[in-house]
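Participant: need a structure here:
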Amino acid sequence: MTLLPATARQIDNQVAQAQIDGHTPSLVLGVVRDGTLVHLAAAGEHPRPDTDLQYRVGSISKTMTATLIMQLRDAGRLSVDDELEKHLPGTDVGSLTLRQLLGHASGMQREPEGDWWERASGIDLGTLLAGVTADKIAYPPHATYHYSNLAYGLLGGVLERLTGMPWADLLTERLLGPLGMRRTTYTATEPYARGYVVHPWHGTLREEPRTDTGAMAPAGQLWSTIEDLGRWAAFLADPDPSVLAAGTLTEMCAPVVISDLDSWSGGHGLGLELYRDGERVYVGHGGSMPGYVAALTVHRPTRTAVVGFANSYGFPITGLGRRLLTAVLDAEPAFPQPWRPATATPAAELTELTGRWWWMGTSLDLSWDAGDLVAHVRGERVSRFTAEGTDRWRGRSGPENGEILTVRRDDSGRAVAIDIATFVFTRSPDEVP
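Facilitator: Sure thing, here's the model as predicted:
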């Protein structure tokens, strides 16, 4: 599977022009569809990019830290509404919840104390925690969005204390290994691109240090390649259930806080950034470390993503990645999935439920699909229900997600009404329930 030639040329041209305009030594972006890297656009020769060249991913590391937290939640080891004190006792910010830390709604200040952490040798967890005092809360928790690297250093500490494993080892065992991300590493592993600051007036390069960030590693330490970051994007689009349940990833994509209250163009879920582009919502994260920037943008409904790297600090790669993803989706919308006939007829008592029902002049059409009841209200709002007992069904998608559908029967056992969360539908628009 590849992009159409016209789409590929459009992407290649945009990347080539962005490398020129942005004065970055090298730039590489990849398009991922249905789990496969389908196109690579590269520009620059310092070094010449390819799919196996490592760059730093920066804060994209946070998406993996958050996934580890959610794995432990699903295993019953924690709740995202636990207070930090339960897992990292002794700090002066122990009343903050894991949910607030994950979603940048804790009010925690952006950086830890000391030298600029991305350019300094990292400290250990004990030293980091000793510096976390009450005055590190810059805003009242959940009052506003405030991005915090420090919050993710604390979440890494939670992971270490709960599992007894260093964050890097836990990451390799539970995410990188199972997903085949063998070129995603804690430290740079050849071949890798050196990172630079580009002088604004004469275009010369200053190579930046490649630090080990210690206890702040869960916020931005990792190195990866286009091939591996494409695998991570594919996972975020359609997760391997042996690594993380699909419902849990969907939960991570729900907004904890809106980051742009004026236009609602962006927000933050449980470790994932949310971006609105017209009628589409993308999930992902940007990343930066001295000398490097990275982009990860995913459109989950179409399983399409753009990932990218540049090796110059400050290059606007996140916006470029979003524009390229929009260009791909506009030029090549996802092909509709074919309708397939049912392989079996439902039992008579279930067939009886299908068809049209009425409430207050509003029609409800019930159909049978792969063991579920599917409800269409006015032909538009669609909810899917799964059996939970005799004549009892639980909504699991759509507007009625979580609500109960109950079948009402008369003395002869005939279905006479459908009760959805106290809204009672009957077979005739003239009948009053």
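
Participant: what about G308, which SS state?
Facilitator: When classified by DSSP: H, G, I helix; E, B strand; the rest coil, G308 comes out as strand.

Participant: Begin at 27 from now on, thanks
Facilitator: With the count now opening at 27, the last piece we talked about shows up as G334.

Participant: Pull the number of nearby residues for it.
Facilitator: G334 has 29 neighbours, counted by other CB atoms under 10 Å. All C-beta spots, glycine's among them, are computed from the backbone N, C-alpha and C.

Participant: Is it in contact with T50, as I believe?
Facilitator: No: G334 lies out of contact with T50 (CB atoms under 8 Å); the separation is 10.8 Å.

Participant: which residues does the residue lying closest to L300 once chain neighbours are set aside contact?
Facilitator: Spatially, and ignoring its direct neighbours in sequence, L300 is nearest to G293 (4.3 Å; CB to CB, 6 or more residues apart in numbering). Contact analysis of G293 by CB atoms under 8 Å, 6 or more residues apart in numbering lists Y171, P281, V282, V283, I284, S285, D286, E299, L300.

Participant: pLDDT score assigned to the fourth one?
Facilitator: The reference is to V283. Looking at V283, its pLDDT reads 94.

Participant: Show me where the stretch 227-376 of the chain has its helices.
Facilitator: Applying DSSP state H, counting those that start in this stretch to the stretch 227-376 of the chain gives helices spanning 243-246, 252-263, 272-278, 343-357, 374-377.

Participant: Over whichever helix or strand comes after the last one, what's the mean pLDDT, rounded is fine.
Facilitator: To tie it back to what came earlier, the one meant is helix 374-377. The C-terminal neighbour of helix 374-377 among helices and strands, as given by DSSP states H and E, is strand 381-385. Taken as a whole, strand 381-385 carries a mean pLDDT of 95.

Participant: again, but for stretch 44-63
Facilitator: 97.

Participant: and if you look at stretch 185-197?
Facilitator: Stretch 185-197 shows a mean pLDDT of 97 in the predicted model.

Participant: export it as PDB, just CAs?
Facilitator: Only the C-alpha atoms of stretch 185-197 are listed here, as PDB (Å, rounded to 0.1, in the frame of the first residue of the first chain):
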ATOM      1  CA  LEU A 185       5.900   3.400  38.200                       C
ATOM      2  CA  GLU A 186       9.300   2.600  39.800                       C
ATOM      3  CA  ARG A 187       7.800   2.300  43.300                       C
ATOM      4  CA  LEU A 188       4.900   0.100  42.300                       C
ATOM      5  CA  THR A 189       6.900  -2.300  40.200                       C
ATOM      6  CA  GLY A 190      10.300  -2.200  41.700                       C
ATOM      7  CA  MET A 191      11.800  -1.800  38.200                       C
ATOM      8  CA  PRO A 192      13.500   1.200  36.700                       C
ATOM      9  CA  TRP A 193      11.400   3.100  34.200                       C
ATOM     10  CA  ALA A 194      13.600   2.200  31.300                       C
ATOM     11  CA  ASP A 195      13.500  -1.600  32.100                       C
ATOM     12  CA  LEU A 196       9.700  -1.500  32.600                       C
ATOM     13  CA  LEU A 197       9.300   0.300  29.300                       C
END
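
Participant: What are the buried residues along it?
Facilitator: Neighbour-count burial for stretch 185-197 flags L185, E186, L188, T189, W193, A194, L196, L197 (criterion: 16 or more other CB atoms under 10 Å).

Participant: contacting residues around the most centrally placed residue in the chain?
Facilitator: With distances taken as CA atoms, centre = their mean, L298 lies nearest the centre of the chain, 4.3 Å away. Contacts for L298 (CB under 8 Å, 6+ apart) come out as T89, A92, L262, M278, C279, V309, G310, H311.

Participant: List the contacts of the closest residue to Q126 other than its chain neighbours.
Facilitator: Leaving out its chain neighbours, the residue that sits closest to Q126 by CB to CB, 6+ apart is S132, at 3.9 Å. Listed by CB under 8 Å, 6+ apart, the contact partners of S132 are V119, L122, T123, Q126, I163, P167, H168, H172, S174, A177.

Participant: show me the contacts for the third one.
Facilitator: Contacts here follow CB under 8 Å, 6+ apart; on that basis T123 touches V106, D107, D108, E109, L110, S132, P167.

Participant: No further queries at this time; thank you.
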